[in-house]
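Engineer: Let's see this in three dimensions:
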Amino acid sequence: MSTITGRGLNRRSLLAATGAAAIGMTFTACGEKPKAAGAGGEEPKLNFYNWDTYIGETTLADFKKATGVDVNMSLFATNDELFAKLKAGNPGFDVIVPSNEFVTRMTQADMLTPLDHAKIPNIKNIDPTFLNPDYDPGRKFSMPYTWLLLGIGYRKSKVQGVPDSWKWLFDSDKYKGRIALLSESADLVRLSAKYLGHSLNNIPADMIPQIEKMLIKQKPFVKAFHDDNGQDMLLAGDVDLVLEYNGDIAQVMREDPDLDFVVPKEGSLINSDSLCIPKGAPRPNNAHAFINYLLDAQAGAAITKKILYPTPNAAAKALMPDSYKKNPVIFPPPEVMAKCEYGAFEGAEKASLYEEVITRVRAA
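Structural biologist: Below is the predicted model of the structure:
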């Protein structure tokens, strides 16, 4: 039996009614005959380090049924936690799910194993626009799992019009005491820079004090800095405006028609979560087989129905209903996406600087 250990809710956590049950599937759908358990001298086991509730309801059990490989999934809550867990050496994980800039950071730190694309034929299912990202050119170390976009979740009956600017979160007392901000330091600094008219990357040094001053001024009007559970605060009525990911707000919009999501007119931050094999993985053959399985069309559709995040898997997306494919919250229109950017890893020193800024903001 696959086991799950870990923490509570985070940005990928789901409420009860998130959709249909996962589709049953077989490993032969991946285009190759399943190998016997323990092929290549590996034991029929795999350790998967993932975000909470970020998998299909039956995905792990179906993979075991088809291959004999038992998947043990343990959970992490932040990329920082993932990085710290593996920095001192891999404790036994075979597949991990870092976000885009951490793929770069872990590659630079020699913490990832190069992927053998010949063992991942389901790469053919990936939308070509996701095959050569700046954070991992040529997909040497990662395969795309999902992508995510930050914006403002809001309660329509409590907000005047559409809150289509970061101003309402970062630079206004209009909704004082009814705002929750994501606690991720880099995201807050970057989106503040976006509001002030700059790219969210390569923020000039003289803009950082301006951002800090603006957020300290705003802090008395902010009810909470949430740990990626802003959708729950919004649904419960604790706040009326929240900085949160599109998939999370799409989930609670099913629960409450008074909720909505907007990407501010200044643009926003895109993240992408990736499947990687950490250096020192004890079962690399099983790891490649599992990644290939997750990129299968039916397997990918089952995962997507459960988690409701935008999928880079074109074959899986094709199996999804129009209520998903044509949902502008999950897939914002091209003119909105044109103003959005991926955050780049710009070194540990800058990451520490952003953490220090937000620590001072929260202490103010």
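Engineer: who's in contact with the top helix by length along the chain?
Structural biologist: The longest helix of the chain (DSSP state H) is helix 348-363. For helix 348-363, the surrounding residues in contact (C-beta atoms under 8 Å, 6 or more residues apart in numbering) are 183, 185-186, 188-189, 208, 211-212, 215-216, 219, 225, 345. (Glycine included, C-beta is placed from N, CA and C.)
Engineer: Report the separation between residue 181 and residue 335.
Structural biologist: Per C-beta to C-beta, to the nearest Å, residue 181 is found 26 Å from residue 335.
Engineer: Also residue 218?
Structural biologist: 28 Å.
Engineer: In terms of neighbours, single out the busier of the two.
Structural biologist: Each of residue 218 and residue 335 has its neighbours counted (other C-beta atoms under 10 Å); residue 218 has more, 20 against 7.
Engineer: secondary structure class for the more buried one?
Structural biologist: helix (DSSP: H, G, I helix; E, B strand; the rest coil).
Engineer: so who does it touch?
Structural biologist: Per C-beta under 8 Å, 6+ apart, neighbours of residue 218: 169, 170, 171, 172.
Engineer: in stretch 231-250, what's buried?
Structural biologist: 231-235, 239-250 (16 or more other C-beta atoms under 10 Å).
Engineer: Also stretch 113-127?
Structural biologist: Those would be 113, 115, 120, 122, 123, 125, 126, for stretch 113-127 by 16+ other C-beta under 10 Å.
Engineer: rewinding a little: and the contacts of residue 218, which is closest to residue 161?
Structural biologist: residue 172 (13.4 Å; C-beta to C-beta).
Engineer: ok, the closest one to residue 178 distance?
Structural biologist: 11 Å.
Engineer: more neighbours, the two?
Structural biologist: Taking neighbours as other C-beta under 10 Å, residue 172 and residue 178 compare with residue 178 leading, 19 against 15.
Engineer: Roughly how far does the more buried one sit from residue 192?
Structural biologist: 19 Å.
Engineer: Kindly report the same for residue 63.
Structural biologist: 42 Å.
Engineer: Also residue 81?
Structural biologist: In terms of C-beta to C-beta, residue 81 sits 24 Å off from residue 192.
Engineer: So for those two, which sits in the more crowded spot?
Structural biologist: residue 192 (26 against 13).
Engineer: Quick one, grab the pLDDT at the more buried one.
Structural biologist: pLDDT for residue 192: 98.
Engineer: That one contacts residue 170, doesn't it?
Structural biologist: Yes. Using C-beta atoms under 8 Å, residue 192 makes contact with residue 170 at a distance of 5.6 Å.
Engineer: joint contacts of those two?
Structural biologist: Common contacts of residue 192 and residue 170 (C-beta under 8 Å, 6+ apart): 214, 215.
Engineer: where does the nearest residue in space to residue 140 that is not next to it in sequence land in three-state SS?
Structural biologist: In this structure, residue 140 finds its nearest non-sequential neighbour in residue 114, 5.5 Å apart by C-beta to C-beta, 6 or more residues apart in numbering. The assignment at residue 114 comes out as coil when based on three-state DSSP.
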